[in-house]
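# With the input below, show me the fold.
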Amino acid sequence: MKIGVSGASGHLGKGVVSELLQRPDGHEVVAISRTPETVSGPAQGRFGDYNRPESLAEAYAGLDRLLIITTADPEPGKRGAQNVAAIDAAVKAGVKHIVFMSAVGTRQEEEPARGASYWRGEQHLIATAPAWTILRMNFYAEALVQLAQASLKQGVLTGLAENRAAFVARGDVAAAAAGILIGDGHAGAIYNATGPERLSGAERARLIAEITGRPLAFRVISEEQLRAGLTQAGLPAGAVNTVVSIQASFAAGAFDIVTGDVERLGGRPPKPLRDVLAGALKSPSN
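Numbers count the residues shown, from 1 in each chain. I've put the predicted structure just below:
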């Protein structure tokens, strides 16, 4: 079986390719990206650019199964159009089973909301693919590491509301995606890749403080305060909208879900947030 990973040059894409190559089933792996020269064997590198749909038809040719990983393009409507173009190219190329990477809490929303592009991609996939599977991921634990590092400088971790989230390690999402791609019985399923526990904003702040030995409080702020702070920090409008939309998803409870899908699909239990944070934040003196 020939399996493709579209968006293979990103962190998640590289993780999925690595997971596939470690599986003993002997599947042929095709890594598709704008920089195929960076792909190392035994995976085959192919050029594919979501903004150049004509390149995707050739990139997806001959694949039995394909994972489509979305971009992080902040321009409203751009990512949704890329998702549709990739799905159309895969269908045209005759890919038998398309797996689409989405996000937990995805529902019908309008741009520039964070979930609008995922919703558009999911709906188009369901309507057009011969066989499909959707893998919705929770908020990356690694992204919280970056937020924690910035928050420790101020002594405050902020959010639009006191909320809970089941942060998931990127490697665990990759393992779950690989499990779908090489497995059977997943057609028509929507899975949620999450961490093993839900932690509130205050609990996250206490955990970070405990690991680093530095004080960190959690504070609820308004959307206006968040926008003002991001703008003062020099972030462009598109990035500000993305961050605000993500924080609104936290406040709405989109990430407040725990499932057993990572272990079921990936063959191993997901990493606790503590382990991910400790590996990245713990100082040598601790």
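
# what ranges do the helices span in the stretch 51-200 of the chain?
Taking DSSP state H, counting those that start in this stretch to define them, one finds helices in the stretch 51-200 of the chain at 53-59, 78-93, 116-128, 141-154, 170-182.

# These into a markdown table, with extra columns for mean neighbour count and distance to Asn192?
Every residue, glycine included, has its C-beta placed from N, CA and C. Formatted as a markdown table, the helices of the stretch 51-200 of the chain follow (neighbours: other Cβ atoms under 10 Å; distance: least, Cβ to Cβ, whole Å):
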| stretch | mean neighbour count | distance to Asn192 |
| --- | --- | --- |
| helix 53-59 | 18 | 27 |
| helix 78-93 | 21 | 19 |
| helix 116-128 | 20 | 13 |
| helix 141-154 | 16 | 15 |
| helix 170-182 | 25 | 9 |
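
# Out of those helices, which is closest to Phe218?
Phe218 lies closest to helix 141-154 among these, at 9.1 Å (Cβ to Cβ).

# now the closest one, how far from the centre of its chain.
18 Å (Cα atoms, centre = their mean, to the nearest Å).

# for stretch 242-255, same thing?
14 Å.

# what's in contact with it?
If you take Cβ atoms under 8 Å, 6 or more residues apart in numbering as the criterion, stretch 242-255 is touched by 74, 103-105, 112-115, 138-139, 159-161, 163-167, 223, 226-227, 230, 235.

# mind listing which of those are in strands?
Counted as lying in strands by DSSP state E, out of these, are Ala103, Gly159, Arg164, Ala165.

# how close does the closest residue to the last one other than its chain neighbours sit to Ala178?
The reference is to Ala165. Leaving aside its sequence neighbours, Ala165 sits nearest to Phe255 (Cβ to Cβ, 6 or more residues apart in numbering; 3.6 Å). Distance, Phe255 to Ala178, using Cβ to Cβ, to the nearest Å: 23 Å.

# related to what we said a few turns ago, among the contacts of stretch 242-255, which ones are buried?
74, 103-105, 112-115, 138-139, 159-160, 163-167, 226-227, 230, 235 (16 or more other Cβ atoms under 10 Å).

# Enumerate every residue touching Gly238.
Gly238 touches Pro74, Glu75, Pro76, Pro112, counting by Cβ under 8 Å, 6+ apart.

# Throw these into a markdown table and include pLDDT and distance to Arg120, thanks.
Shown next, in a markdown table, are the contacts of Gly238 (pLDDT from 0 to 100; distance: Cβ to Cβ, whole Å):
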| residue | pLDDT | distance to Arg120 |
| --- | --- | --- |
| Pro74 | 78 | 16 |
| Glu75 | 83 | 14 |
| Pro76 | 81 | 12 |
| Pro112 | 80 | 13 |
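
# Closest one of those residues to Leu273?
Pro74 (26.0 Å).

# these two touch, right, that closest one and Leu235?
No: here Pro74 lies out of contact with Leu235, judged by Cβ atoms under 8 Å, at a distance of 9.9 Å.

# which residues sit against the helix or strand harbouring Arg206?
Using DSSP states H and E, Arg206 maps to helix 201-212. The contact list for helix 201-212 (Cβ under 8 Å, 6+ apart) reads 144, 148, 151-152, 157, 159, 162-163, 165, 199, 215-218, 220, 273-274, 277-278, 281-283, 286.
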